[in-house]
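Visitor: test case, fold it:
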Amino acid sequence: MKFIDLHCDTLSRLLSKGGELASSELQVDLDKLARGGCEAQFFAIFMPVAHVEKPYERCVEMLELGAREFEKNSDRISLCRSYDDLVAARNTGRIGAFLTIEDSGIFECDIDKLHEVYDRGVRLVTITWNFKNAAGSPNNTPEFSEEGLSAHGIEMVAEMERLGVIPDASHLSDGGFWSLVEHCKKPFVCSHSNAREVASVTRNLDNDMLKALGECGGVTGLNFCDYFVRPRTGDMFNHPQEGEDMSCTLDDLAAHAAHIVKYAGEDACALGSDFDGIGGWPKGLDDASRMPLISDALYRKGLTERQIEKIFHLNAERVIKDCLA
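Guide: So this is what the prediction gives:
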């Protein structure tokens, strides 16, 4: 079964560690994507913005790296700027590549930079990472959790939608999520976030958020990070203790999918691996070549073949078509 993955950090790893997209020791490369049956991969431009002296310059450097790698392997992968580009890539047997920005703080409060990265092919922007920025707050403290988007953030999201850039609420405060519900005219996504009732951590979505996301036509991508997958109750702001067992299974990941389908609907669950950005993952799901294993776990959880196909690629395709026509 073909899959679309809404989030990986592979380009940042290639920039910092070296290597090539065709084949590497990373969790995502073209060989592994092909073996796993990839239809499209979203590649994030990521850096810890608060700790980078010139984040926008590094962003451009990473975008240029991506452009070189896509061009070098143009017989296998194709940069997609629209739904039509995705269809063209699929029809020619190539993997579609979408570029994203993880943390709008990279723009340094300058919406002109949003236009510049759009021209370079970026089609999704994660509003925050783990630092507060000019647009909004991350969901990592009780104080930040209630904060909505700033006036600048609301303006930026409106311009993203006008251009054809998908807003992404992963990492964003709960208040920021509800700001997107209020202000977005098109679907938005949580590219790599799970269900909070299954694993009580801030990066996951509660039942009301899941319901709202489904109602506005958005999707959330299942995140493979063990801390966000392993069943866990209690205060969502409590971090794991040193030595705490975070191991998890494919069945644990499937429990998130079933919960999302129950509360958000079968059109709201997708895949958002976070490969090359996480330290642990469900046993056996070591890299992009192992994606087919997820379908077996989803069957065991009672999902239908049609629901699994939606999770693997059809739901993401619909959002791409709705937002990037």
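Visitor: you'd agree residue 98 is in a helix?
Guide: No: going by DSSP: H, G, I helix; E, B strand; the rest coil, the assignment for residue 98 is strand, not a helix.
Visitor: that one: how many residues sit nearby?
Guide: If you count neighbours by other C-beta atoms under 10 Å, residue 98 ends up with 26. Every residue, glycine included, has its C-beta placed from N, CA and C.
Visitor: just the helices in the stretch 1-150 of the chain please.
Guide: Along the stretch 1-150 of the chain, counting by DSSP state H, counting those that start in this stretch, helices occupy 10-17, 30-36, 55-72, 83-91, 111-119, 142-145.
Visitor: please name the bridge partners of residue 45.
Guide: Beta-bridge partners for residue 45, by DSSP bridges, are residue 101.
Visitor: any chance of the helices of the stretch 1-150 of the chain in a markdown table, with mean neighbour count and mean pLDDT too?
Guide: A markdown table is the format used below for the helices of the stretch 1-150 of the chain (neighbours: other C-beta atoms under 10 Å; pLDDT from 0 to 100):
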| stretch | mean neighbour count | mean pLDDT |
| --- | --- | --- |
| helix 10-17 | 19 | 97 |
| helix 30-36 | 19 | 98 |
| helix 55-72 | 17 | 98 |
| helix 83-91 | 16 | 98 |
| helix 111-119 | 15 | 98 |
| helix 142-145 | 15 | 96 |
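Visitor: let's have those helices in a markdown table, adding distance to residue 312.
Guide: As requested, these are arranged in a markdown table below (distance: least, C-beta to C-beta, whole Å):
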| stretch | distance to residue 312 |
| --- | --- |
| helix 10-17 | 20 |
| helix 30-36 | 10 |
| helix 55-72 | 23 |
| helix 83-91 | 14 |
| helix 111-119 | 28 |
| helix 142-145 | 32 |
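Visitor: who wins for proximity to residue 307 among these?
Guide: Evaluated with C-beta to C-beta, those place helix 30-36 nearest to residue 307, the distance being 19.5 Å.
Visitor: what's the closest one in contact with?
Guide: If you take C-beta atoms under 8 Å, 6 or more residues apart in numbering as the criterion, helix 30-36 is touched by 3, 21-23, 41, 73, 76-77, 95, 287-292.
Visitor: need the contact list for the residue nearest to residue 202 when sequence neighbours are not counted.
Guide: Using C-beta to C-beta, 6 or more residues apart in numbering and skipping residues adjacent in sequence, the residue nearest residue 202 is residue 139, 4.3 Å away. Counting by C-beta under 8 Å, 6+ apart, residue 139 touches 145, 171-174, 176, 202-203.
Visitor: try it again at 6 Å.
Guide: 145, 173, 202 (C-beta atoms under 6 Å, 6 or more residues apart in numbering).
Visitor: separation between it and residue 170?
Guide: Relative to residue 170, residue 139 is positioned 9 Å away (C-beta to C-beta, to the nearest Å).
Visitor: next one, pLDDT for the residue most central in space within the chain please.
Guide: With distances taken as C-alpha atoms, centre = their mean, the chain has residue 191 as the residue nearest its mean C-alpha position (2.7 Å). What the model reports as pLDDT for residue 191 is 98.
Visitor: just the one 3 residues further on next, same as before
Guide: Among the per-residue scores, residue 194 holds a pLDDT of 98.
Visitor: then residue 37?
Guide: 98.
Visitor: quick check: phi and psi on the residue lying closest to it once chain neighbours are set aside?
Guide: Nearest residue to residue 37 in three dimensions, chain neighbours excluded: residue 2, at 5.2 Å (C-beta to C-beta, 6+ apart). Residue 2 adopts backbone torsions of phi -70, psi 150, taken as degrees, to the nearest 10.
Visitor: report the contact partners of residue 2.
Guide: Shown in contact with residue 2 (C-beta under 6 Å, 6+ apart): 37, 39, 313.
Visitor: which of those ranks first by neighbour count?
Guide: That'd be residue 313 among the contacts of residue 2, by other C-beta under 10 Å, with 22 neighbours.
Visitor: now do it against residue 28, distance only.
Guide: Residue 313 sits 16 Å away from residue 28, taking C-beta to C-beta as the criterion.
Visitor: how about the strands in the protein?
Guide: For the chain, the strands defined by DSSP state E occupy 3-8, 38-46, 77-79, 95-102, 122-126, 166-168, 189-190, 219-222, 269-271.
Visitor: okay, these in TSV with distance to residue 133 next?
Guide: TSV is the format used below for the strands of the chain (distance: least, C-beta to C-beta, whole Å):
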stretch	distance to residue 133
strand 3-8	19
strand 38-46	14
strand 77-79	26
strand 95-102	12
strand 122-126	11
strand 166-168	14
strand 189-190	18
strand 219-222	22
strand 269-271	25
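Visitor: nearest to residue 158, out of these?
Guide: strand 166-168 (9.7 Å).
Visitor: I'd like the average pLDDT over that closest one.
Guide: Mean per-residue pLDDT for strand 166-168: 99.
Visitor: who's in contact with it?
Guide: So strand 166-168 is contacted by 124, 126, 157, 160, 180, 188-189, 191, 323 (C-beta under 6 Å, 6+ apart).
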